[in-house]
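[1] the sequence and its predicted three-dimensional model are supplied below.
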Amino acid sequence: MTLQKKDFIEIEFTGKVKNGDIFDSNIKKDLEKLNPDINPKPIIISLGEGMFLKAIDDFLIGKELGSYEIELSPENAFGFRLPQLIQKVPMKLFSSQKLNPYPGAVFNFDGRMAKILSVSGGRVMVDFNHPLSGKNVSYEIHVLGKIEDLNEKIKAFINFIFRRELNFSVQDNKIIIEAEKSLSQFIEIFKEKFKDLFGMDLEIKEIEEKPKTPQ
């Protein structure tokens with residue numbers, strides 16, 4: 001059973017840096033070393049669709065179901081460290097948000113994660129490089145099987161794109177996703193992607209906004 005581009009597959013994996021330290025996994029015995037409270041499960045990805053590292057996708061396409069050990073250099077993993085991604089940020093940016101930066105802290109800057117390197121006076125040195133940039137890494141990949149059920153494929157893709165579960169149905173060669181108005185415009189952006197991947201048009205059925213749970 002040769003794996004092809006756009007195939008949906010179920011995988012277990014563990015990622016390690018060159019010294020053997022685990023940085024990511026969904027295998028229980030390995031994940032316990034990172035967080036013993038997490039209950040891991042296999043993930044579903046579509047090959048060649050940006051749901052995992054491109055180098056992993058490229059490696060798996062043409063392979064059979066099974067287990068593989070894949071070593072990646074920085075250019076094929078998380079890139080090289082770039083000096084220009086270490087930047088000075090005014091302290092007032094943090095104080096205006098009532099945040100206290102300190103060396104080692106990680107903050108989200110409009111979707112970009114960055115690590116605080118130093119704090120001096122009114123300036124904060126911030127590193128926007130990926131934490132694993134410049135590192136050689138390896139992945140242990142277990143391809144458990146292909147996913148053939150259309151609903152499972154759509155559910156996995158929705159979870160990946162929108163980072164949440166959304167109700168959907170398939171009718172008359174259309175995928176109908178239920179979503180709040182505030183999310184519907186964002187979903188519209190991916191119409192062509194759904195068409196390319198599933199060969200069906202995407203329709204959005206607006207539903208009422210869910211009331212926020214009191215804190």
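    Yes, it's here. Numbers count the residues shown, from 1 in each chain.
[2] and the longest helix along the chain, which residues are buried?
    As assigned by DSSP state H, the longest helix anywhere in the chain is helix 150-162. Buried residues in helix 150-162, counting neighbours by 16 or more other C-beta atoms under 10 Å, are found at 153-158, 160-161. Backbone N, C-alpha and C define where each C-beta goes, glycine included.
[3] could you identify the most distant pair in those?
    Greatest spacing in the buried residues of helix 150-162, by C-beta to C-beta: K153 and I161 (12.6 Å).
[4] distance of the residue sitting furthest away from the middle of the chain relative to D21?
    Ranked by distance from the centre of the chain (C-alpha atoms, centre = their mean), the top residue is G121, with 35.7 Å. Computed with C-beta to C-beta, to the nearest Å, the distance linking G121 and D21 is 35 Å.
[5] for K92, same thing?
    As judged by C-beta to C-beta, K92 and D21 stand 37 Å apart.
[6] what are the ranges of the helices in the chain?
    So, for the chain - with DSSP H - the helices run 28-31, 54-60, 91-95, 150-162, 181-188, 191-198.
[7] and those: which comes nearest S169?
    Using C-beta to C-beta, those put helix 150-162 closest to S169, at 9.0 Å.
[8] run the angle between the closest one and helix 181-188 for me.
    Orientation check (axes from the mean of the first three to the mean of the last three C-alpha atoms, to 10 degrees): helix 150-162 against helix 181-188 gives 110 degrees.
[9] alpha carbons of helix 150-162, as PDB, please.
    Coordinates of the C-alpha atoms in helix 150-162 are reproduced here as PDB (Å, rounded to 0.1, in the frame of the first residue of the first chain):
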ATOM      1  CA  LEU A 150     -14.500  10.800   4.200                       C
ATOM      2  CA  ASN A 151     -16.000  12.200   7.400                       C
ATOM      3  CA  GLU A 152     -12.800  11.300   9.300                       C
ATOM      4  CA  LYS A 153     -10.800  13.100   6.700                       C
ATOM      5  CA  ILE A 154     -12.900  16.200   6.800                       C
ATOM      6  CA  LYS A 155     -12.900  16.300  10.600                       C
ATOM      7  CA  ALA A 156      -9.100  16.000  10.800                       C
ATOM      8  CA  PHE A 157      -8.600  18.800   8.200                       C
ATOM      9  CA  ILE A 158     -11.100  21.100  10.000                       C
ATOM     10  CA  ASN A 159      -9.400  20.400  13.400                       C
ATOM     11  CA  PHE A 160      -6.000  21.200  11.800                       C
ATOM     12  CA  ILE A 161      -7.100  24.400  10.000                       C
ATOM     13  CA  PHE A 162      -9.300  25.900  12.600                       C
END
